[in-house]
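> The following comprises the amino acid sequence and a computationally predicted model.
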Amino acid sequence: MKWGKRNDDLDEEIRAHLAMAARDRVERGESPADAAFNARREFGNEALVKEITREMWGWTAIQRFYQDVRYALRQMRRSPGFTAVAVLTLALGLGAATAMFSIVNGVLLRPLEYHDPGRLFVARTVLPPEARIAHDFPINARHFAEWRAHCRSCESVSLIQMADLTLVGAGEPVKLYALKTSWNFFQTLGVHPVLGRDFLPGEERGLGQVILSDSLWRSRFRADPSILGRAIQLNGEPHTVIGVMPRSLVLPRGDQWGSLFGPAEEPLIFEPLGFDPSQLRANNLNYTSVIRLKPGVSRGQASAELNALLADFVRQDHLQTKIALFPLLEQVTRNARTSLLLLLGAVGAVLLIVCVNVGNLMLVQTAGRYREAGVRLALGASRTRLFGQMLKEALVLVAMGGTLGLLLAYAGLKLFAAAAPIDLPRLEEAHIDWHVLAFGLAAAAFSTFTCGLVPAWNLSRTEPLDSLKASAGATESGHKLRFREILVGLEVALSTVLLSVGGLLLLSFVKVMHVDKGFETERVVTQDISFLSPKYAHGGRARVLRLMLEQLARIPGVRAVGATSRLPLTGEDWIANLHDPDSSRPERDEPLANFRFVTPDYWRAMGIPLVRGRFFRENEWSQQVAIVSEGAGRFLWPGQDPIGRHVRGLGGAGPAFDVVGVVGEVPAGPLDQNRPTMVYTPYSFESPVGVSLVLRTAGDPDSAIRAARAMLAQIDPEMALPPAQTMEQILDASVAARRFEMRLAVAFALAALLLAGLGICGVISFAVARRRPEIGIRIAMGAQSGQVIAMVLRQGMRPVLPGLLAGVAGAMASSRLLTGELYQVAPRDPRLILGVAAVMLSTALVACWLPARRGAATDPIAALRAE
Amino acid sequence: MSRIELVQGTLDMLILETLRWGAQHGYGIAQAIRAGSSDVLQVETGSLYPALHRLERQRFIKAEWKQSENRQRAKYYSLTAAGRKHLAAERERWSQVSAAIAALMKARESEA
């Protein structure tokens, strides 16, 4: 039976009841009019009876929901302005929260797509705190050999190292970021080649087998399946392709394996990594171990065993190091974690403010409906019904806002992916999946309640008699006003916290950008080259490099040209103990230093100032001379002149170097990290394969670098030339993550400020409108407009001050979480807190002043006549 | 004498009992209960109609539209087979409960 028909039936049933009751009364002698009236009175509340009778039909819940939604839509049509503001702010809040969550979900929460990824760990070396080096290191090859042979907690122990390979003969020569792996690396992850086969144990001896990534296979070999078994030229030597990995395989980029691993690129090709006994004796930390634990083995158990297996080495070498196991997912996402969680928190606070704001607007909106609520209650509507209906109005708003928000989130995600700094790992994995939808639904449910609860409770508490007696304007009792004030206070508090977070990040960013870099970025352009071809295998790199530098220096507009094994800001590298042969300092007290192999004009090209002594001379390309950074000098020879002293690097082996100069400190990694101790020796001494050329130009660096690249291609046509980068670009990339985080946090803070301002303005406007007659009387009695404004301001600012105090307290409490993200800014910097308070207060003042001024302009006669 | 409002279970039973004598409309049922109890039992319409619709949904009674003797179209309820069974069970339960209560009260009376 249709609901409408059933309703008509009930109406008729009750009409029949009344008719029969009236007839009986007429028969007992009452007048027809009296009889009808008395029958009705005896019947009771007709609407209420119908209402509760309908409830017996069982399906009224759905019916009522539909009815309430229709009612809510009618209400919304009546106030399109309010609806638009509510839906739009909800859409922005829910959209931003959903987009942010989908990023957190994709980057931090989604398991890695390897077999049983919870059992995968990365083993890294950590130093004791006094080493003043916060990050962790790769491990030694001996560690790996020991673990692989003996570890009982491990199901599989694998080892990887980054390598560069130059591919020639498949299009342009290109430098490939390669991963050298122990034969069982893919097996440890639980992934398999889609074409061909994996490495075999015997192939670690370096028989020239390689496995291709899907993207290299497609881009360079046209996805040709017959590539298997074919020879390709890598570093000038033939290698046999034995397999191709699947397209779906996502491996961490070089920078995500931890510090000192490799560049922010995905590996394109894989070759076996093996050791001969002499390499196993070497002391260097160059490798990263990926370990799969046996099921049921805890991280603590395993790391205890790994460390115990190394006990002999540690004793022999007086090592201070320990091995730590990091879950693979945590290791890969470590850099992004704090920042993303911080931004998610911020966007959550914005959403909360949006909800409070919409709730507040609804409260204002419903103020005109107390009379209606009173009438409905008097006519028999139940309070729960009124309550539910108000919640449904919130639900309709949230549903509209949420749908729009989901579209915004979808678009926002694309925008975010385009704007995000590239070192946000796994960003490509962020998309809207069912986790995100579930989050969106939960956020919407939360929003519905936060928006709707207070207005619903308020409306359902209406006293029918009071609301009918009083005039529409004056129906608000004190506690309802206080509700709004609490909501305003909450908004102010949340905005204050967000403002202080945004302010701290902004200040930190400014501080980072103004830090003395120790080198110049303007008109300095760099070109990476690598001497990978076997013709350089037995020396000759320094000779070719020298020839290149001589040629490049002749290009018009080039002021100075030099080369270094690693550019500032691109990471620490070649770290070893720094040893003074003339001192008796024990090895464990020696500082760790970054070694750089450079050409004589490097500092002039990079603009690194000379502090003492001199730079290298042209005839010192292979002399045992060294230049140290100021910090190195201070550490090794406090209060003395480093010139003429000696240092020995790389574990104390090899020749000693005469210190001939002291230069300024430059950052090795990010600008906001400590400047490491730095030692420069001539390039020929170590002759690393990868070199960065540095050109300082007089004018536009573009034309100079074009000429330089042409010249390099002439000198060695087989050399791969990745795109040139100016130092400004490198600087930009090094602060991109910080800038991105700061911009988002500031944007959220400003959104919060704007919303809080709107909230205050809305509440005060309403209060002023409600008090218009009273204000009219005051003005008629001679109150000045200044007095009226002051009165409104006093009322308006009343909830702002406690909110501000609560916000400051909240900012102080939460600032500790921020410490890791800050640079040279105290998390509780009183000036910042004062500044934030001033911004918040002035916003609140403006938000109160606008409606106050309107109130003061009240025409007393018009106001009183309206009453 | 004050009128007594009926609780739900009892009202259901009285409605079924009233309908045992033939189909009746809501107004008629209310009048019958009131008259049958010499004006002691009061049936609120706010309880009667929900009860009728609930019993109808439980299929203890069925409804059809008929003309009353005064040519007034009204909704007449009548017992179904399930309703008869239910009434018998309720009756049984009721007599047990009221006998138990009566015995209890009598015992108290004699103690007093």
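The structure has been received and is ready for your questions.

> Let's verify the spatially closest residue to B:Gly9 that is not a sequence neighbour: helix, strand, or coil?
Excluding the flanking residues, the one nearest B:Gly9 by C-beta to C-beta, 6 or more residues apart in numbering or on different chains is B:Glu90, at 7.9 Å. C-beta here means a position set from N, CA and C on the backbone, and glycine is covered the same way. Classification of B:Glu90 using DSSP: H, G, I helix; E, B strand; the rest coil returns helix.

> Which pLDDT does the model give B:Glu90?
Each residue has a pLDDT score; the one for B:Glu90 is 88.

> how much space is there between it and A:Gln161?
B:Glu90 is 85 Å from A:Gln161, where distance means C-beta to C-beta, to the nearest Å.

> Name the nearest residue to the spatially most central residue of chain B, sequence neighbours excluded.
The centre of chain B sits closest to B:Leu14, judged by C-alpha atoms, centre = their mean, with a distance of 1.6 Å. Distances taken as C-beta to C-beta, 6+ apart place B:Ile33 nearest to B:Leu14, at 5.3 Å, with adjacent residues excluded.

> A:Leu351 now?
A:Gly93 (4.2 Å).

> Contacts only, for that neighbour.
Residues near A:Gly93 by C-beta atoms under 8 Å, 6 or more residues apart in numbering or on different chains: A:Val350, A:Leu351, A:Ile353, A:Val354, A:Cys355, A:Gly401, A:Gly405, A:Ser447.

> Determine which two of those residues are furthest apart.
Spanning the widest gap among the contacts of A:Gly93 are A:Ile353 and A:Gly405, at 15.0 Å by C-beta to C-beta.

> sorry, back to before: how close does the residue nearest to B:Leu14 get to chain A?
Noted for B:Ile33: a distance of 14 Å to chain A, by C-beta to the nearest C-beta, to the nearest Å.

> Tell me, how many residues neighbour that residue?
Residues lying near B:Ile33 (other C-beta atoms under 10 Å in any protein chain shown) number 20.

> now A:Ala96
Neighbours around A:Ala96, by other C-beta under 10 Å: 25.

> Helix, strand or coil: sort out it for me.
helix.

> Wait, it touches A:Gly412, no?
Yes: between A:Ala96 and A:Gly412 a contact is recorded at 6.9 Å, counting by C-beta atoms under 8 Å.

> tell me which strands and helices the helix or strand that the residue nearest to B:Leu14 is a member of is in contact with?
Using DSSP states H and E, B:Ile33 sits in helix B:26-36. Where contact means 3 or more C-beta pairs under 8 Å, 6 or more residues apart in numbering or on different chains; DSSP states H and E, helix B:26-36 is packed against helix A:3-27, helix B:8-19, strand B:41-42, helix B:45-57, strand B:73-79.

> Please work out which residues outside that helix touch it.
Against helix B:26-36 from outside (C-beta under 8 Å, 6+ apart): A:13, A:16-17, A:20-21, A:24, B:6, B:14-15, B:18-19, B:24, B:41-43, B:45, B:48-49, B:52, B:74-75, B:77.

> what inclination does it have with respect to helix B:45-57?
Angle, helix B:26-36 to helix B:45-57, by axes from the mean of the first three to the mean of the last three C-alpha atoms, to 10 degrees: 110 degrees.

> which parts of helix B:26-36 are buried?
In terms of neighbour count (16 or more other C-beta atoms under 10 Å in any protein chain shown), helix B:26-36 has its buried residues at B:Gly26, B:Tyr27, B:Gly28, B:Ile29, B:Ala30, B:Gln31, B:Ala32, B:Ile33.

> Look up how far A:Ser339 lies from the fourth one.
According to C-beta to C-beta, B:Ile29 stands 72 Å off from A:Ser339.

> Would you mind listing what in chain B touches chain A?
B:25-28, B:31, B:44-46, B:49-50, B:52-54, B:57, B:68, B:70, B:72-75 (C-beta under 8 Å from any C-beta of the partner chain).

> And the buried ones among the residues you listed, selectable in PyMOL?
Selection command for PyMOL covering only the buried members of the residues of chain B next to chain A, criterion 16+ other C-beta under 10 Å:
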select buried, chain B and resi 25+26+27+28+31+45+46+49+50+52+53+54+68+72+74+75
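
> Which among the helices and strands packed on helix B:26-36 is found nearest to A:Ala767?
helix B:45-57 (41.1 Å).

> what about that closest one, distance to the chain center?
Computed by C-alpha atoms, centre = their mean, to the nearest Å, the chain-centroid distance of helix B:45-57 equals 11 Å.

> Which residues does the helix or strand that comes right after it contact?
Note on helix B:45-57: by DSSP H and E, the next helix or strand toward the C-terminus is strand B:61-67. Under the contact criterion C-beta under 8 Å, 6+ apart, strand B:61-67 has outside partners B:15-16, B:19, B:23, B:52, B:55-56, B:73-80, B:83.

> relative orientation of strand B:61-67 and helix B:8-19 in degrees?
Going by the same axes, to 10 degrees, strand B:61-67 makes 50 degrees with helix B:8-19.

> and stretch A:373-390, average pLDDT?
78.

> what number of residues lie near the closest residue to A:Ser213 other than its chain neighbours?
Nearest non-adjacent residue to A:Ser213, counting by C-beta to C-beta, 6+ apart: A:Leu268, 4.9 Å away. Using other C-beta under 10 Å, A:Leu268 has 21 neighbouring residues.
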